[in-house]
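Student: could you work out the structure for the sequence below:
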Amino acid sequence: MSHPSATIREMQATAAVIGARRIVRFDTTNQAQVLQASAVSDNLIGVVDSIVDVGASRSASVVLSGIAENGVVAGAAFAAGAKLTTDSQGRAVAAAPAAGTNNQIVGIALEQATAAGDIVRILVQQCTVQG
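Tutor: This next block holds a predicted model:
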C-alpha cells in the first residue's frame, strides 16, 4: 500500500510469522530479513504495514519512516506523543528505561492508546533514549 507520508520497503520475513501491525527488527543472522521485535534493546527498524499476519518467509511491507497509517498494535495504554518501544510481542508500549538503561525507540504516538490491543497511528522515527 502506498502512503505519501511514509517510506515503505518490501522486506523478507524470517521463518517465523510476523503479526499484523507489529514492530520489527533485522534478523541478526541474515540482515536481509526481518522478524517481530521482542525486546526494548532490539534494533527496531519499523512497523509492518499489513492488517493481516505476514507468513513465514513471505514478503512484508515495512514502514521505515513517516506515518504508519495502518497503525501499530498497542501493548498497553499510552498517551499521544509518547516515545514508543516494543514489548515481548512486537506491540508498541511507552518507553520507560531504568536509570542508565537504553530503550530503542521505533517512533512517536500520534494518538493515545487506552488499552492493549488498540490500533494507533505513529510517526516512525527511530532513536535511543536512556533512563
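Student: low pLDDT regions in this structure?
Tutor: Under the criterion pLDDT under 70, the flagged ranges of the chain are 1-3.
Student: redo that, cut-off 80
Tutor: 1-5 (pLDDT under 80).
Student: buried sites along the longest strand that the chain contains?
Tutor: Determined from DSSP state E, the single longest strand within the chain is strand 59-73. For strand 59-73, burial by neighbour count (16 or more other C-beta atoms under 10 Å) applies to 60-73. Using the backbone N, CA and C atoms, a C-beta is placed for each residue, glycine as well.
Student: cool, stretch 7-23 as well?
Tutor: Here stretch 7-23 shows 8, 11, 13-14, 17-23 as buried, counting by 16+ other C-beta under 10 Å.
Student: ok, now stretch 116-131?
Tutor: 118, 120-124.
Student: take those residues and keep only those in strands.
Tutor: Among those, the members falling in strands (DSSP E) are 120-124.
Student: now render those as a markdown table, adding distance to Gly55.
Tutor: Compiled in a markdown table, these are given as follows (distance: C-beta to C-beta, whole Å):
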| residue | distance to Gly55 |
| --- | --- |
| Val120 | 25 |
| Arg121 | 25 |
| Ile122 | 24 |
| Leu123 | 28 |
| Val124 | 23 |
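Student: run a quick neighbour tally on Arg25.
Tutor: Counted with other C-beta atoms under 10 Å, the neighbours of Arg25 add up to 21.
Student: name whatever forms a beta bridge with it.
Tutor: Counting by DSSP bridges, Arg25 is bridged to Leu35, Leu44.
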